[in-house]
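Peer 1: 3D, please:
(one chain, ligands or ions: 1)
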Amino acid sequence: MRDVKRLAVTLCILFAFVACSSSGENIPSVSTELAAVNSTPEQVTAMPTPVATPSVGPTQLEVVRSQLVAMRVVGTRPHDETAFTQGLEFYGERLFESRGLRGSSGLTEIDASNGEVLRDILLAPQFFGEGITIVGDTVMQLTWTGGKAFVYDIETFSLIEQFEYDGEGWGLCFDGTSLYLSDGSDSLTLRDPETFEITGSLQVTSDLVSVNRLNELECVDEHVYANMWQTNTIISIDKASGHVDKVIDASDLQAYEGVSDANVLNGIAYNKESASFLLTGKLWPLMFEVVFD
Ligand SMILES: [Ca+2]
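Peer 2: Numbering: from 1, shown residues only. Below is the predicted model:
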């Protein structure tokens, strides 16, 4: 059944891609532009025979095949199903989670091996916890529309600094040089980890999926992984170009008891030690260790 579902999803993506590409609405026609410039009969007759454009079918199939990456579940661990997960990140083998919802938002350290909550703090009730990342020996946490990024000592969870930002704060990751923030749009904002000043932006593009509502993030080497809110799609973004080079369909996780579309996937943490990802979602009873093949 899952194979049938995966095939259906793949065919849907492929169909949507072919339909989009063949509509021509946004693709300038080279031959039309040439004809407009060379409008006299003499020039028209002097025009070289256009080189036949390559057949689009195989090229698009190659694109789809090269970018669609399979996800394989290699293990499951319990997850606090009262946690409205908004961010997930490893620090070595230690695991940290941010929770949302006003009144129950917080920051937690979790035993990644069994899901046990080791430490937990609550945010003030006016704040809605969002993405987190580790910067040095601190944990940084966004607060959605709260306009504040809190910085905690990683060992004590005591608040040691706070920055302000305009607009919304959704996902957050740090690659060792820059912070990457999502705000629900199709672009990421880069910020300095020391000053929180904006240092750049990254427009995310894809020739396979419609990019929008970028949410939870994970920085892994030269890529930023992101899930798109209210979908089971995770994309891998090339930091240098902003282009999506992998698309992962995590729909298979919906087959597990307690995991449903109503409570969406929203936690992506990369474990360097095992070279695997840990995924979970809002109010999910499980965390999934997965690899992208
Ligand atoms: Ca993350």
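Peer 1: can you tell me how far the closest residue to the ion within the stretch 1-150 of the chain is from F128?
Peer 2: With CB to the ion as the measure, E89 is the residue of the stretch 1-150 of the chain nearest to the ion, at 4.6 Å. (Glycine included, C-beta is placed from N, CA and C.) Computed as CB to CB, to the nearest Å, the E89 to F128 distance reads 18 Å.
Peer 1: and what of G106?
Peer 2: Separation of G106 from F128 (CB to CB): 11 Å.
Peer 1: list the residues that contact whatever residue of the chain ends up closest to the ion.
Peer 2: The chain approaches the ion most closely through E218 (4.1 Å), counting by CB to the ion. Going by CB atoms under 8 Å, 6 or more residues apart in numbering, E218 touches 89, 173, 224-226, 268-270, 277.
Peer 1: try G258
Peer 2: For G258, counting by CB under 8 Å, 6+ apart, the contacting residues are 81, 284-286.
Peer 1: okay, those in TSV with secondary structure, neighbour count and distance to Y256 next?
Peer 2: Below are the contacts of G258 laid out as TSV (DSSP: H, G, I helix; E, B strand; the rest coil; neighbours: other CB atoms under 10 Å; distance: CB to CB, whole Å):
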residue	secondary structure	neighbour count	distance to Y256
E81	coil	16	12
W284	coil	24	8
P285	coil	18	8
L286	strand	19	6
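Peer 1: could I get the residues you listed as CSV with pLDDT?
Peer 2: CSV is the format used below for the contacts of G258 (pLDDT from 0 to 100):
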residue, pLDDT
E81, 91
W284, 93
P285, 94
L286, 95
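Peer 1: filter these down to the ones close to the ion.
Peer 2: Near the ion, judged by CB under 5 Å from the ion, there are no entries from those.
Peer 1: got the contact list for the closest residue in space to S98 that isn't next to it in sequence?
Peer 2: Spatial nearest neighbour of S98, excluding adjacent residues (CB to CB, 6 or more residues apart in numbering): G87 at 3.7 Å. By CB under 8 Å, 6+ apart, the contact set of G87 is 96-98, 129-133, 141-142, 171-172, 216, 267.
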